[in-house]
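J.: Have a look at this fold, sequence not included:
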Ligand SMILES: Cc1ncc(COP(=O)(O)O)c(C=O)c1O
């Protein structure tokens with residue numbers, strides 16, 4: 001009897017955070033006060049001025065019709081405007097910008113827009129799990145792009161074999177990075193674009209955390225590299241920088257042919273995001289970014305507190321310049337999974353085991369700073385009470 005489920009989906013692991021969520025629910029039902037340092041979803045509210053614009057647009061019935069397939073003009077122009085202001089990059093809002101229902105959706109659909117089944121895709125290891133699973137769903141062949149702590153989690157193209165370089169059709173990059181919190185200067189993108197051009201590889205840069213930075217660091221855009229538009233697209237999201245995770249709004253910019261191909265897939269599947277959400281998001285992108293700075297200073301405070309606390313238990317991690325993650329080595333004698341389970345079962349603290357981000361993540365764990373300071377304090381107190389011993393240090397750049 002058929003299961004009526006494709007072999008491809010039968011081979012798909014359940015989404016990491018939905019598994020952790022199940023465990024969390026079970027413990028909460030038993031009365032455990034669980035502290036969730038797992039998923040990277042901001043706990044802070046969406047700024048009022050964005051919610052106000054949404055409320056205003058909800059009173060206009062003309063907003064209740066379908067959006068244009070590539071998103072509303074105001075939002076695409078706001079994205080182009082943001083790129084000019086933030087990166088001095090010129091974008092044509094009609095051909096080089098596309099509205100997305102969250103960047104996760106766009107990333108997943110961009111893969112079949114750029115590769116055919118059997119084509120190879122270079123996936124950062126460790127990296128955001130969606131790159132791998134969406135490549136698998138598109139029938140692509142995942143090839144690890146190892147990111148080593150000794151290289152500051154930057155790709156080392158000279159270590160890739162000639163066969164891999166010839167086989168690869170697409171490469172993912174993500175800075176500030178999830179889960180490593182690594183950041184780069186423009187030279188890394190310059191090198192990536194030169195490498196990709198030489199081997200005719202399309203590039204997707206995921207800039208979901210592009211505005212979540214500390215200590216005056218401004219994360220570059222890959223489109224600042226001359227001629228990057230010949231082969232690259234860049235994803236952006238309002239989820240983290242404007243605390244809009246549930247609104248599902250993001251964008252992709254760059255190479256117009258890739259964007260047209262992605263738009264072609266999407267117009268056959270969805271009809272863009274609800275217009276009031278796009279207009280409120282445009283308001284966010286057109287703002288003076290004071291709320292982004294306020295958020296960053298809250299994350300910075302949490303980050304410093306957590307780094308201090310980790311130091312207290314022997315985990316020395318260099319302060320990252322972006323994202324709201326800490327990527328750290330697990331204590332001696334544990335695998336990533338065993339450590340995550342110990343913290344959940346004995347301390348009621350959820351962290352993400354490093355191996356869920358790819359084979360190179362084994363031996364590490366990720367902390368997300370998306371809970372208020374008093375909860376972080378409590379998490380630290382509980383972790384300390386476990387009396388753990390730690391072996392190696394990881395620099396975060
Ligand atoms: C690296 C990275 N890219 C993309 C996303 C997706 O963000 P969204 O779909 O909310 O725009 C996330 C979310 O956690 C992420 O960590």
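T.: Structure received. Remember, it's a predicted structure, so these values are computed and weren't measured experimentally. Residues are numbered from 1 along each chain as shown.
J.: ok, residue 77 - contacts?
T.: 93, 282 (Cβ atoms under 8 Å, 6 or more residues apart in numbering). C-betas here are computed from N, CA, C, even on glycine.
J.: typo on my end, it should be residue 378
T.: residue 35.
J.: What residues of the helix or strand where it lies count as buried?
T.: Secondary-structure element containing residue 378, defined by DSSP states H and E: helix 373-384. Neighbour-count burial for helix 373-384 flags 375-376, 378-380, 382-383 (criterion: 16 or more other Cβ atoms under 10 Å).
J.: now those in CSV, with distance to the ligand?
T.: CSV is the format used below for those (distance: Cβ to the nearest ligand atom, whole Å):
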residue, distance to the ligand
375, 20
376, 19
378, 24
379, 20
380, 24
382, 25
383, 23
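J.: just how off-centre is the helix holding residue 378 within its chain?
T.: In this view, helix 373-384 has its centroid 25 Å away from the chain centroid, taken as Cα atoms, centre = their mean, to the nearest Å.
J.: Tell me how confident the model is about stretch 221-235, as a mean pLDDT.
T.: Average pLDDT, stretch 221-235: 98.
J.: Give me the contacts around it.
T.: 83, 86-89, 91, 96, 100, 103, 106-107, 110, 173, 186, 189-190, 192-193, 196-197, 200-208, 210, 250-256, 258-259, 262.
J.: if I pick residue 83, what's in contact with it?
T.: Remark: with contacts taken as Cβ under 8 Å, 6+ apart, residue 83 is in contact with 89-91, 221, 223, 253.
J.: that's a strand at it, yeah?
T.: No - counting by DSSP: H, G, I helix; E, B strand; the rest coil, residue 83 is not part of a strand but helix.
J.: per-residue confidence at it?
T.: 98.
J.: could the contacts of residue 83 be laid out in JSON lines, adding neighbour count?
T.: Formatted as JSON lines, the contacts of residue 83 follow (neighbours: other Cβ atoms under 10 Å):
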{"residue": "89", "neighbour count": "21"}
{"residue": "90", "neighbour count": "11"}
{"residue": "91", "neighbour count": "22"}
{"residue": "221", "neighbour count": "23"}
{"residue": "223", "neighbour count": "25"}
{"residue": "253", "neighbour count": "30"}
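J.: Check these one by one and keep those near the ligand.
T.: Checked against the ligand using Cβ under 6 Å from any ligand atom, the contacts of residue 83 give no members in range.
J.: does any part of stretch 31-39 sit near the ligand?
T.: No - figure legend: stretch 31-39 not in contact with the ligand (Cβ under 6 Å from any ligand atom); closest approach 7.5 Å.
J.: And that stretch, how far out from the chain middle?
T.: 21 Å.
J.: contact partners of that stretch?
T.: Applying Cβ under 8 Å, 6+ apart, the set of residues contacting stretch 31-39 is 17, 20-21, 24, 27-28, 344, 348-352, 367-371, 375-376, 378-379, 382.
J.: what do you get for stretch 259-270?
T.: 69-70, 95-98, 101, 105-106, 109-110, 112-114, 233, 252-253, 272.
J.: That stretch near the ligand anywhere?
T.: No - Stretch 259-270 stays clear of the ligand (Cβ under 6 Å from any ligand atom), getting no nearer than 13.7 Å.
J.: Can you give me the buried ones in that stretch?
T.: For stretch 259-270, using 16+ other Cβ under 10 Å, the buried residues are 259, 261-263, 266.
J.: ditto for stretch 240-260
T.: 240-245, 247-259.
J.: and if you look at stretch 34-53?
T.: Those would be 34-38, 40, 42, 46-47, 50, 53, for stretch 34-53 by 16+ other Cβ under 10 Å.
J.: Then stretch 96-116?
T.: 96-115.
J.: Doesn't residue 144 belong to a helix?
T.: No - Residue 144 is assigned strand when assessed by three-state DSSP, not a helix.
J.: tell me the contacts of it?
T.: Residue 144 makes contact with 122-123, 125, 358-360, according to Cβ under 8 Å, 6+ apart.
J.: Pairing partners for it in the sheet, please.
T.: Assessed by DSSP bridges, residue 144 has beta-bridge partners residue 123.
J.: Would you mind measuring from it to the ligand?
T.: Residue 144 sits 17 Å away from the ligand, going by Cβ to the nearest ligand atom, to the nearest Å.
J.: In contact with residue 196: list those residues for me.
T.: Contacts of residue 196 by Cβ under 8 Å, 6+ apart are 171, 202-203, 231-232.
J.: And residue 243, its phi and psi?
T.: The phi and psi values for residue 243, taken as degrees, to the nearest 10, are phi 50, psi 50.
J.: Is it correct that it is in contact with residue 41?
T.: No - in this structure, residue 243 is not within contact of residue 41 by Cβ atoms under 8 Å, at 9.0 Å.
J.: The lowest-mean-pLDDT helix or strand in the chain and the ligand, any residue contact?
T.: When each helix and strand of the chain is scored by mean pLDDT, DSSP states H and E, helix 16-29 comes last, with a mean of 81. No - using Cβ under 6 Å from any ligand atom, helix 16-29 stays clear of the ligand, with a minimum separation of 8.7 Å.
J.: for that helix, packing partners?
T.: Counting contacts by 3 or more Cβ pairs under 8 Å, 6 or more residues apart in numbering; DSSP states H and E, helix 16-29 is packed against strand 349-350.
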